[in-house]
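> Below is the sequence, then the predicted model.
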Amino acid sequence: MSRTIGVVMDPIATIKPYKDSTLAMMLAAQDRGWRLLHILQQDIAWRDGRVIARAQQATVHDSNEHWYELAAAEEIDLGDLDVILMRKDPPFDMEYIYTTYMLEAAEEAGALVVNRPASLRDVNEKFFTTRFPDCAPPQIVTRDPARIKAFLAEHGDIVVKPLDGMGGASIFRIGQGDLNTNVILETVLDRGRKTAVAQRFLPEFKQGDKRILLIDGEPVPYALARIPAAGEARANLAAGGSWEGVALSEHDRWICDQVAPELKRRGLIFVGLDVIGDYLTEINVTSPTCIRELDQLYDLDIAGDLMDCIDAKLSAAGR
């Protein structure tokens with residue numbers, strides 16, 4: 001069945017096509033004959049009870065040189081779309097939240113929004129691990145440096161990161177006796193004005209920070225293990241890490257089983273779990289990545305599976 005899908009994203013001209021998960025989704029939708037609309041965050045508006053946007057019909061190609069064509073802009077009613085993919089990368093700031101308000105109105109008008117706008121607001125990618133204490137490492141969330149210092153004294157080696165970061169930005173490892181402890185906490189906490197999470201350092205990160213993708217609660221059977229570069233304390237690909245594929249372990253699947261019911265209940269259809277060793281460290285819901293790397297390694301079609309899931313949900317709703 002033909003569908004119309006709006007994709008709220010950063011400008012398509014700025015993406016890295018060989019690794020971009022949103023492009024993979026657009027290619028999969030196009031392969032199914034769906035109409036693609038490219039939408040920028042700043043082009044969405046609410047007026048007279050309707051959520052409208054300037055959108056451009058897109059044609060996409062699996063190419064690193066010429067991966068898109070955009071038609072002239074047209075004004076559309078977002079509530080008339082079959083599905084909207086919210087794939088705008090963080091920062092998760094007030095502008096992002098305002099956009100979720102408008103997407104929620106489009107959802108109420110009939111569009112399926114992936115992921116659900118209210119859940120994008122409620123599920124902080126670092127804090128939400130606290131809902132699953134049996135899965136997460138020892139951790140503390142606070143804006144009080146004294147509490148983090150006490151946590152450091154208890155565990156001896158910790159990682160501190162802001163609640164609103166991405167791509168490895170502003171992540172610090174602190175060891176007991178580190179002379180930079182005060183300045184690190186001043187930086188991350190903005191002298192007590194910002195909240196951060198501190199987790200016990202997990203030495204297993206050297207074997208890889210695994211990204212596990214879930215589609216409507218069902219895990220892809222392989223994870224992308226992101227390996228830190230030499231001399232680097234972060235495994236993020238954006239921080240220079242390399243990657244390799246690994247099959248999910250029994251414990252990985254157990255973690256997925258613990259979190260999946262809550263993710264499904266909240267309408268979080270496409271999610272990326274970060275797992276180091278036996279511990280869940282983050283739950284990524286805004287714009288999870290790693291589709292193209294896993295597809296390449298294992299001849300998968302993760303974005304196609306996602307589109308089939310979306311199509312099934314629309315059909316079940318009589319659309």
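That came through, no problem. Please read all numbers here as calculations on a predicted model, not as lab measurements.

> CA-only coordinates of stretch 292-299, as PDB, when you get a sec.
The C-alpha trace of stretch 292-299 is given here as PDB (Å, rounded to 0.1, in the frame of the first residue of the first chain):
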ATOM      1  CA  ARG A 292      24.100   0.900   7.900                       C
ATOM      2  CA  GLU A 293      27.100  -0.600   9.700                       C
ATOM      3  CA  LEU A 294      25.100  -3.700  10.900                       C
ATOM      4  CA  ASP A 295      23.400  -4.100   7.500                       C
ATOM      5  CA  GLN A 296      26.800  -4.100   5.900                       C
ATOM      6  CA  LEU A 297      28.300  -6.600   8.300                       C
ATOM      7  CA  TYR A 298      25.400  -9.100   8.300                       C
ATOM      8  CA  ASP A 299      23.500  -8.500   5.100                       C
END
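
> Would you mind listing the buried residues in stretch 50-59?
Residues of stretch 50-59 classed as buried: 51, 52, 53, 55, 56, 57, 58 (neighbour count, 16 or more other C-beta atoms under 10 Å). (Glycine included, C-beta is placed from N, CA and C.)

> can you check stretch 207-225 too?
Here stretch 207-225 shows 207-217, 219-220, 222-225 as buried, counting by 16+ other C-beta under 10 Å.

> State the distance from residue 247 to residue 53.
To residue 53, residue 247 is 41 Å away according to C-beta to C-beta, to the nearest Å.

> and the next element down the chain from the lengthiest strand in the chain?
As assigned by DSSP state E, the longest strand anywhere in the chain is strand 35-47. The helix or strand immediately downstream of strand 35-47 is strand 50-60, counting by DSSP states H and E.

> what's the model's confidence in that next one, averaged?
For strand 50-60, the mean pLDDT works out to 98.

> elements contacting it?
strand 4-8, helix 21-31, strand 35-47, strand 68-77, helix 94-108 (3 or more C-beta pairs under 8 Å, 6 or more residues apart in numbering; DSSP states H and E).

> looking at these, which is closest to residue 195?
helix 94-108 (15.8 Å; C-beta to C-beta).

> can you state the direction angle for that closest one and strand 4-8?
170 degrees (axes from the mean of the first three to the mean of the last three C-alpha atoms, to 10 degrees).

> Return the set of buried residues in helix 94-108.
96, 99, 100, 102, 103, 104, 105, 106, 107.

> is it true that the fourth one touches residue 47?
No - at 10.5 Å, residue 102 and residue 47 do not qualify as touching, with contact defined as C-beta atoms under 8 Å.

> coming back round to it: can you tell me what sits against the longest strand of the chain?
2-12, 26, 29-30, 51-60, 68, 70, 73, 76, 78, 81, 84, 88, 95-96, 99, 102-103, 105 (C-beta atoms under 8 Å, 6 or more residues apart in numbering).

> Likewise for stretch 254-263?
By C-beta under 8 Å, 6+ apart, stretch 254-263 touches 131-132, 134-135, 212, 214, 217-219, 248, 271, 273, 275, 280, 283.

> In helices only, show me these.
Of these, none are assigned to helices by DSSP state H.

> ok, of those, which one's closest to residue 198?
Looking across these and measuring by C-beta to C-beta, the closest to residue 198 is residue 280, at 15.8 Å.

> any idea how far residue 123 lies from residue 149?
29 Å.

> So between these two, which is more surrounded?
The residue with more neighbours, out of residue 123 and residue 149, is residue 123; 21 against 17, by other C-beta atoms under 10 Å.

> Return the distance of the helix or strand containing residue 185 from the chain's centre.
Here residue 185, judged by DSSP H and E, is contained in helix 181-189. Relative to its parent chain, helix 181-189 has a centroid offset of 26 Å by C-alpha atoms, centre = their mean, to the nearest Å.

> Taking helix 181-189 as reference, get the angle to the next helix or strand after it.
Per DSSP H and E, the first helix or strand lying C-terminal to helix 181-189 is strand 196-200. Using the same axes, to 10 degrees, the direction of strand 196-200 lies 130 degrees away from that of helix 181-189.

> Quickly run through the sheet partners of strand 196-200, with directions.
Applying DSSP bridges, strand 196-200 is found paired with strand 139-142 (antiparallel), strand 157-162 (antiparallel).

> contacts for that strand?
126-127, 136-143, 148, 151-152, 155, 157-163, 188-189, 281.

> Return a PyMOL selection command for the buried portion of those residues.
Typed into PyMOL, the next command selects the buried ones out of those (criterion: 16+ other C-beta under 10 Å):
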select buried, resi 126+127+136+137+139+140+141+142+143+148+151+152+155+158+159+160+161+162+188+189+281
